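Visitor: any chance you could fold what I've pasted below:
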Amino acid sequence: QLTDLLQQYATAFRDPMMLQPPEWFKAFIYCEAFLQLPFFPIAAYAFLKGGCRWIRTPAIIYSTHVATTLFAILAHILFHDFSKSEQGGPQTLRERLVLLSIYLPYLLIPLLLLFTMLCNPHYKHVEKRKRK
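Guide: Now for the predicted structure:
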């Protein structure tokens with residue numbers, strides 16, 4: 001049933017990367033499984049508890065990593081020649097923009113997180129160390 005859902009998504013949004021991921025996309029999937037997913041409960045704890053300044057560095061690392069991978073994915077969607085794809089990728093500009101709109105939130109949310117970590121005074125505060 002999940003494979004049917006994946007097939008329906010890939011067909012409806014013309015996303016061949018989900019059915020036949022290129023090798024570089026597979027690398028991003030492994031990064032997501034082993035780096036990004038473990039970050040979620042840690043970040044959820046820190047943000048729900050509040051006042052956890054220690055989350056700043058892990059959040060900056062996470063958000064820059066995700067944003068970097070998304071730039072590659074979005075460039076692939078916009079510029080790749082999908083005419084040779086067995087699964088049939090986006091052919092028109094409209095189809096590319098629709099697919100782009102599916103992936104775009106995965107770029108915008110990490111960029112908002114990065115902006116928050118870099119600009120919010122709560123997270124910018126540097127704690128002074130005790131002198132002996």
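Visitor: ok, longest helix in the chain?
Guide: helix 56-79 (DSSP state H).
Visitor: which helices and strands sit right next to that helix?
Guide: Helices and strands touching helix 56-79, as assessed by 3 or more Cβ pairs under 8 Å, 6 or more residues apart in numbering; DSSP states H and E, comprise helix 23-31, helix 37-49, helix 93-103, helix 105-119. Every residue, glycine included, has its C-beta placed from N, CA and C.
Visitor: give me the low-pLDDT residue ranges for the protein?
Guide: Scanning the chain for pLDDT under 70 picks out 125-132.
Visitor: on that earlier part again, now the helices and strands packed on helix 56-79 in CSV, with mean neighbour count?
Guide: Converted to CSV, those look like this (neighbours: other Cβ atoms under 10 Å):
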stretch, mean neighbour count
helix 23-31, 12
helix 37-49, 12
helix 93-103, 15
helix 105-119, 15
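Visitor: the longest helix of the chain to helix 37-49, inter-axis angle?
Guide: Comparing the axes of helix 56-79 and helix 37-49 via axes from the mean of the first three to the mean of the last three Cα atoms, to 10 degrees yields an angle of 130 degrees.
Visitor: mind exporting the C-alpha coordinates of helix 56-79 to PDB?
Guide: C-alpha atoms of helix 56-79 as PDB (Å, rounded to 0.1, in the frame of the first residue of the first chain):
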ATOM      1  CA  ARG A  56      22.100  26.600  18.700                       C
ATOM      2  CA  THR A  57      25.100  24.800  17.300                       C
ATOM      3  CA  PRO A  58      23.300  21.500  16.400                       C
ATOM      4  CA  ALA A  59      20.500  23.600  14.800                       C
ATOM      5  CA  ILE A  60      22.900  25.600  12.700                       C
ATOM      6  CA  ILE A  61      24.700  22.400  11.500                       C
ATOM      7  CA  TYR A  62      21.300  20.700  10.800                       C
ATOM      8  CA  SER A  63      19.800  23.700   8.900                       C
ATOM      9  CA  THR A  64      22.900  24.400   6.800                       C
ATOM     10  CA  HIS A  65      23.200  20.800   5.900                       C
ATOM     11  CA  VAL A  66      19.500  20.500   4.900                       C
ATOM     12  CA  ALA A  67      19.500  23.800   3.000                       C
ATOM     13  CA  THR A  68      22.700  22.700   1.100                       C
ATOM     14  CA  THR A  69      21.100  19.400   0.000                       C
ATOM     15  CA  LEU A  70      17.900  21.200  -1.000                       C
ATOM     16  CA  PHE A  71      19.800  23.600  -3.300                       C
ATOM     17  CA  ALA A  72      21.100  20.600  -5.200                       C
ATOM     18  CA  ILE A  73      17.700  18.900  -5.400                       C
ATOM     19  CA  LEU A  74      16.000  22.200  -6.500                       C
ATOM     20  CA  ALA A  75      18.700  22.700  -9.200                       C
ATOM     21  CA  HIS A  76      18.200  19.200 -10.400                       C
ATOM     22  CA  ILE A  77      14.400  19.800 -10.700                       C
ATOM     23  CA  LEU A  78      14.900  23.000 -12.600                       C
ATOM     24  CA  PHE A  79      17.800  22.100 -14.900                       C
END
